[in-house]
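Novice: I need the structure of the sequence given here:
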Amino acid sequence: MEKFRSKKRYEGFSTVFRQWKADGTHCSKIHGYDVYFDVTFQGDLDHRNWVADFGILKRAKTRIDGMNPKEWMDYMFDHTFIVAEDDPLLEMFKTIDKAGAAQIRILPSVGAEQFAKYIYEKLNTFIQEETDGRVKIVQVEFKEHEKNTAFYKG
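Specialist: Modelled structure (predicted):
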């Protein structure tokens, strides 16, 4: 059985985070980027000769954390501050969120590599359910900007 691949870029997200364990670098400070990510799909072609409909995230029936996948991406990465669940300043950041000064998203860990893995896990579960197992995600490339990229392969 043939396997085809296609890739889609998701962009337009402004995200800040800090890697509190990154002693001696600016990464331990709150900093941000215009982030985007490329998702590589693999599977058999559908009746339209597509691996995955490039607009699948907007038209999907399957949800991610109760949201349309495009809404989920915006919720997670658009004008958000992503904080590690073990960040010693987490409670202070939650106060800032509660005051309406930031949109805090809490993940097990932060950084480009961890974001690539997190996106992979969320989207791979989604795409397999949405396509009845015909398509899977084989790679997510998370880009902080054009110079920094992290990959996660399934």
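Novice: Pull out the buried positions in the lowest-mean-pLDDT helix or strand in the chain.
Specialist: Least confident helix or strand, the chain: helix 56-59 with a mean of 82, by mean pLDDT, DSSP states H and E. Residues 56-57 are the ones in helix 56-59 that count as buried (16 or more other Cβ atoms under 10 Å). C-beta: built from backbone N, CA, C; applies to glycine.
Novice: This structure: strands as residue ranges?
Specialist: 4-17, 31-43, 80-84, 104-107, 135-145, 148-153 (DSSP state E).
Novice: possible to save those strands as a markdown table with distance to Q114 and mean neighbour count?
Specialist: Putting the strands of the chain into a markdown table (distance: least, Cβ to Cβ, whole Å; neighbours: other Cβ atoms under 10 Å) gives the following:
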| stretch | distance to Q114 | mean neighbour count |
| --- | --- | --- |
| strand 4-17 | 10 | 16 |
| strand 31-43 | 13 | 19 |
| strand 80-84 | 9 | 21 |
| strand 104-107 | 7 | 16 |
| strand 135-145 | 9 | 20 |
| strand 148-153 | 8 | 15 |
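Novice: Can you tell me which of the ones you listed is nearest to E113?
Specialist: Nearest of the strands of the chain to E113, taken as Cβ to Cβ: strand 148-153 at 4.3 Å.
Novice: pLDDT averaged over that closest one - what is it?
Specialist: Per-residue pLDDT over strand 148-153 has a mean of 96.
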